[in-house]
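**Student:** whatever this is, show me its structure:
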Amino acid sequence: MGRLTLPTTSYNPKEILSCSNPELRTIFKKHDDNRDGKLSWAEVKAAFKELGSHWPWLVTEDAFRHADLDDNGYIDIETELELLVTHASKFNYKSKNVI
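**Tutor:** Numbering: from 1, shown residues only. From the prediction side, this is the model:
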C-alpha cells in the first residue's frame with residue numbers, strides 16, 4: 001500500500017493573517033461612533049472586541065496608557081491614533097478579510 005504525498009507549502013501565518021496597520025486604523029476610526037474625532041474608552045474597547053481580544057477591558061486600559069499622551073481620557077484621531085495602532089499591532093490580531 002502506497003503513501004499519499006501531499007504538497008507542502010511554506011508560508012508565514014503571521015504575515016498572511018495579521019491585521020495590517022491600515023486595517024487597524026480603519027477599525028478604530030469606524031468605532032468613533034459619535035464622529036467627534038476622538039475615541040472614548042468604550043469605543044476603543046468595542047474595537048478590541050471586534051478584533052477578537054479575549055480581555056478587551058484590559059487591553060483597552062493598556063492602550064490608553066500607551067496612546068493617551070495628554071491623559072484626557074480620549075484617543076485623539078489626529079494626534080494619537082498612530083500610537084494606538086502601533087500598540088495594537090504588537091498583538092497580531094487576525095484579519096477578518098482573509099479567508
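**Student:** quick one, helices of the protein?
**Tutor:** Shown for the chain, the helices assigned by DSSP state H span residues 13-17, 21-30, 41-50, 56-67, 81-89.
**Student:** give me the contacts around the third one.
**Tutor:** Going back to what we said before, that points to helix 41-50. With contacts defined as Cβ atoms under 8 Å, 6 or more residues apart in numbering, helix 41-50 is touched by 27-28, 30-33, 39, 56-57, 59-60, 63-64, 73, 75, 84, 88. C-betas here are computed from N, CA, C, even on glycine.
**Student:** which among those residues count as buried?
**Tutor:** Taking 16 or more other Cβ atoms under 10 Å as the criterion, what is buried in the contacts of helix 41-50 is 27-28, 31-32, 39, 56, 59-60, 63-64, 75, 84, 88.
**Student:** and the furthest pair within those residues?
**Tutor:** Across the buried ones among the contacts of helix 41-50, no pair lies farther apart than Asp32 and Val59, at 18.0 Å, counting by Cβ to Cβ.
**Student:** measure Ser89 to Glu78 for me?
**Tutor:** Ser89 is 19 Å from Glu78, where distance means Cβ to Cβ, to the nearest Å.
**Student:** so which of those two has more stuff around it?
**Tutor:** Neighbour totals were compared for Ser89 and Glu78, and Ser89 leads with 15 against 8 (other Cβ atoms under 10 Å).
**Student:** quick one: average pLDDT of stretch 85-97?
**Tutor:** Mean per-residue pLDDT for stretch 85-97: 88.
**Student:** now stretch 45-57
**Tutor:** 96.
**Student:** any idea how far Asp68 lies from Asn92?
**Tutor:** Distance from Asp68 to Asn92, by Cβ to Cβ: 23 Å.
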